[in-house]
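Trainee: Provide a 3D model corresponding to the input given below.
(one chain, ligands or ions: 1)
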Amino acid sequence: MSNIPTITLNDGNKIPQLGFGMYQIPKHEDAVKALTQALNNGYRLIDTAEVYQNQGAFQEALKNSGVKREDVYLTTKLWVSNASFAKAEKAIDEDLKELGTDYIDLMLLHQPYGDVYGAWNALAAAKRAGKIRSIGLSNFYPDLYMNLELAHEDKPALNQIEINPWFQQTNDVKFFQGRDVAVEAWAPFAEGKGDIFNNEVLKEIAENHHKTVGQVILRWLVQRSIIVIPKSVHDERQKENMDIFDFELTREEMEKIRHLDKGGSQFFDHRDPAVIDDIFGESLKQLRDSE
Ligand code: NAP
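Mentor: Numbers count the residues shown, from 1 in each chain. Next comes the predicted model:
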């Protein structure tokens, strides 16, 4: 039924190369509606997280759509306030309950903060227990990744990082893919920042192929062997974002897009101490106080 290609992870499991992102749909009815629509539109990779507060939509949307659990690839992410062995062990069981399933296809450490090594061991233990099929990372830079890889038996299968035309992360993509760690792009459209959908270069390429700017961006990522998880609550946009497997960007077009790189995050720098304090400080404090 689906023409979505898969990528084989370093643990042998296969992940669809395109999926549905669920960030910023916190209201239960909205999340159920958007996810039901996405499943009806043919999405089979779902990307949620504890912190998105919409894991509860999964079982309801599955039921509404009639799609079987085994036909869907489910990703969720462990939040910073659960980033220790004991907290993660408990959180994984709570996630399974909230998701209404007895396994998670892929679970990621959402951020590189807290006791990431303890949390990683909990993910690995849950994998051995059959609760999780693949384990991976998000927002990890190569240095911290290397420390984790070298010191642990269980190698991460994937790293989910920000990648869009404004922040292409060429070196990091090359690094992770070179170590057989799959790369998945969050905010492929930079959430619309920098008027991305009206960029002249992208518009011209889109016209060449009778496609939209959004489709060109997703195609550009897929041609770099990156997994994409665009988010839209709109039915037409969901359909549009899936329809990217019937055209190919030329080498010249790929090169034109390469020149759009501004070389910095469109959101925040995960290595900036002020950002860590502002955005993650509260969760880290919760983690500390609960130990
Ligand atoms: P995004 O996919 O780059 O952009 C989503 C925005 O673009 C929404 O406002 C959406 O609006 C709009 N949009 C979607 N398709 C469109 C189209 N074809 N034409 C015009 N506008 C369109 O941003 P994102 O949601 O931040 O990233 C995607 C997923 O990555 C998330 O949902 C989440 O699963 C994951 N993520 C992970 C992290 C992490 O730290 N690991 C961080 C951020 C995101 P409507 O919904 O109104 O259509």
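
Trainee: Let me know the helix or strand that residue 161 is in.
Mentor: strand 158-162 (DSSP states H and E).

Trainee: and that strand, what other elements does it pack with?
Mentor: Counting contacts by 3 or more Cβ pairs under 8 Å, 6 or more residues apart in numbering; DSSP states H and E, strand 158-162 packs against strand 104-109, strand 132-138, strand 182-186. (C-beta placed from N, C-alpha, C; glycine too.)

Trainee: Just put the ones you listed in CSV and tack on mean pLDDT, mean neighbour count and distance to the ligand.
Mentor: Output for these, formatted as CSV (pLDDT from 0 to 100; neighbours: other Cβ atoms under 10 Å; distance: least, Cβ to the nearest ligand atom, whole Å):
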stretch, mean pLDDT, mean neighbour count, distance to the ligand
strand 104-109, 98, 25, 7
strand 132-138, 98, 24, 4
strand 182-186, 98, 24, 3
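
Trainee: Just send the ones you listed back as JSON lines, with distance to residue 53 too.
Mentor: Shown next, in JSON lines, are the helices and strands packed on strand 158-162 (distance: least, Cβ to Cβ, whole Å):
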{"stretch": "strand 104-109", "distance to residue 53": "17"}
{"stretch": "strand 132-138", "distance to residue 53": "17"}
{"stretch": "strand 182-186", "distance to residue 53": "17"}
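
Trainee: Of all the ones you listed, which one comes closest to residue 12?
Mentor: Ranking these by their distance to residue 12 (criterion: Cβ to Cβ) puts strand 132-138 first, at 9.1 Å.

Trainee: could you check the angle strand 158-162 makes with the following helix or strand past that closest one?
Mentor: Past strand 132-138, heading to the C-terminal end, the next element that is a helix or strand (DSSP H and E) is helix 142-151. For the pair helix 142-151 and strand 158-162, the angle between their directions (axes from the mean of the first three to the mean of the last three Cα atoms, to 10 degrees) equals 170 degrees.

Trainee: got the angle between helix 142-151 and strand 132-138?
Mentor: Regarding helix 142-151 and strand 132-138, their directions subtend 140 degrees when assessed with the same axes, to 10 degrees.

Trainee: where exactly do the helices run in the stretch 101-250 of the chain?
Mentor: Listed in chain order, the helices of the stretch 101-250 of the chain (DSSP state H, counting those that start in this stretch) span residues 116-128, 142-151, 170-178, 200-209, 213-222, 235-242.

Trainee: buried ones in the longest one?
Mentor: Of the residues in helix 116-128, those buried under the neighbour-count criterion (16 or more other Cβ atoms under 10 Å) are 116, 117, 119, 120, 121, 122, 123, 124, 125, 126, 127.

Trainee: Over to the third one?
Mentor: By neighbour count, and taking 16+ other Cβ under 10 Å as the criterion, the buried residues in helix 170-178 are 172, 173, 175, 176.

Trainee: Could you single out the nearest of the residues you listed to residue 97?
Mentor: When those are compared for distance to residue 97, the smallest value, 31.9 Å, is given by residue 176; criterion: Cβ to Cβ.

Trainee: I'd say that closest one and residue 183 touch.
Mentor: Yes. Residue 176 is within contact range of residue 183, at 5.0 Å (criterion: Cβ atoms under 8 Å).

Trainee: Touching both of the two, which residues are there?
Mentor: When contacts are counted by Cβ atoms under 8 Å, 6 or more residues apart in numbering, the set common to residue 176 and residue 183 consists of residue 159.
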